[in-house]
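K.L.:
build me a structure from this.
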Amino acid sequence: MSKAIRFHETGGADVLKLEHVEVGEPGPGQARVRHSLIAVNFIDIYFRTGRYPLALPNGLGSDAVGVVEAVGPGVTDIRVGDRVGYLLGPQGAYSQVRVMPADVLIPLPDGISDSTAATLMMKGMTAQYLFRQVYPLKGGETILYHAAAGGVGLIACQWARAMGVTMIGTVSTDEKAAVAKANGCTHTIVTSRENIAQRVREITDGKGVPVVYDSVGKDTLEASLDCLQPRGTLVSNGTSSGAVVVDSQVLAAKGSLWLTRPAMVHYIHPRPHMLSMADELFGHVLAGRIVSEPQQSFALADAADAHRALEGRKTTGATVLVP
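P.N.:
Numbers count the residues shown, from 1 in each chain. All right, here's what the predicted structure looks like:
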């Protein structure tokens, strides 16, 4: 028997319950992983609240690191004792031990600690696909990135600096602005007292930016569109404040703008591509260009408290659960 967070109905953080679960032997193509750290991501809240539907009851979480305890028939590139991380597969990462598909497991290099890896699997790979695939940055651009002091944001700050990209980042407080700047964000906009579009135009001498990465959604939509150059691109990579609804006529009127709502699953397959994405990310970390450690940790049993902190914007950087 093992312990795992389960939920039987959607709703607030209090629907998350710690339960005893049966963990069996891995079947064909599967591996059993004992977790060392489990990442908490905003997408977990979407599943918990029902914004992203799941069959209930269910587990939660898709992002963790640990050690392979056993492998099933047909598994050849993952071995017992391997340190691995993952960000795909069925929900259920909020657990001590689980059986899951072996083909989503990513071997961790010796130079990357479990604590670093726990902040990189979903968050670092998200920065990779946003900056290197969705709107490929080449260096020299000036961009706007919302929630720059968040878990993905702090990695994005460092990645932008490594590429020679001037990053304008929005944050909610002066304290978060200081953290974002320390991680490589060139300019910060404190949204509680500054006008986003006005500041972006000031910083760019009225030109605007070619791309906005917006994980906030409804509350920042208008400002994001107003920051873009003609034929600019809004990458709507999250909706923490609510869904994004856009009239295509508005896109035309504001400069023939592009809008995309990317999902990681469409940018990470097949497996060799996923592994090459991870190699690029790990390369930055091993070279010292990206440094990442959890900023908040909670016991697995306190997963509900972790969700409350994340929803209340009381966190900076990455949050993890300790099984």
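K.L.:
helix or strand for the residue positioned nearest the centre of the chain, which one?
P.N.:
The residue lying closest to the centre of the chain (CA atoms, centre = their mean) is Lys123, at 3.3 Å. Assigned by DSSP states H and E, Lys123 belongs to helix 122-129.
K.L.:
Val67 too?
P.N.:
strand 64-71.
K.L.:
now what about that strand, what contacts it?
P.N.:
For strand 64-71, contacts defined as CB atoms under 8 Å, 6 or more residues apart in numbering pick out 25-26, 30-39, 78-86, 93, 97, 102, 105, 108, 114, 117-118, 121. Where you see a C-beta, it was placed from the backbone N, CA and C, and this is true even at glycine.
K.L.:
go on, stretch 241-259?
P.N.:
Taking CB under 8 Å, 6+ apart as the rule, stretch 241-259 contacts 214, 216-221, 225-226, 228-234, 236, 261.
K.L.:
which among those residues count as buried?
P.N.:
Buried members of those, counted by 16 or more other CB atoms under 10 Å: 214, 216-217, 220-221, 225-226, 228, 232-234, 236.
K.L.:
by pLDDT, rank these and give me the bottom one.
P.N.:
Lowest pLDDT within the buried ones among the contacts of stretch 241-259 is found at Gly217 (90).
K.L.:
okay, the residue lying closest to that residue once chain neighbours are set aside and Thr220: tell me how far apart.
P.N.:
Nearest non-adjacent residue to Gly217, counting by CB to CB, 6 or more residues apart in numbering: Thr239, 3.5 Å away. Shown here: Thr239 relative to Thr220, a distance of 10 Å by CB to CB, to the nearest Å.
K.L.:
circling back: where does the residue nearest to Gly217 sit: helix, strand or coil?
P.N.:
coil (DSSP: H, G, I helix; E, B strand; the rest coil).
K.L.:
which residues touch it?
P.N.:
Contacts of Thr239 (CB under 8 Å, 6+ apart): 51, 215-218.
K.L.:
tell me the confidence at Ala243?
P.N.:
For Ala243, pLDDT reads 87.
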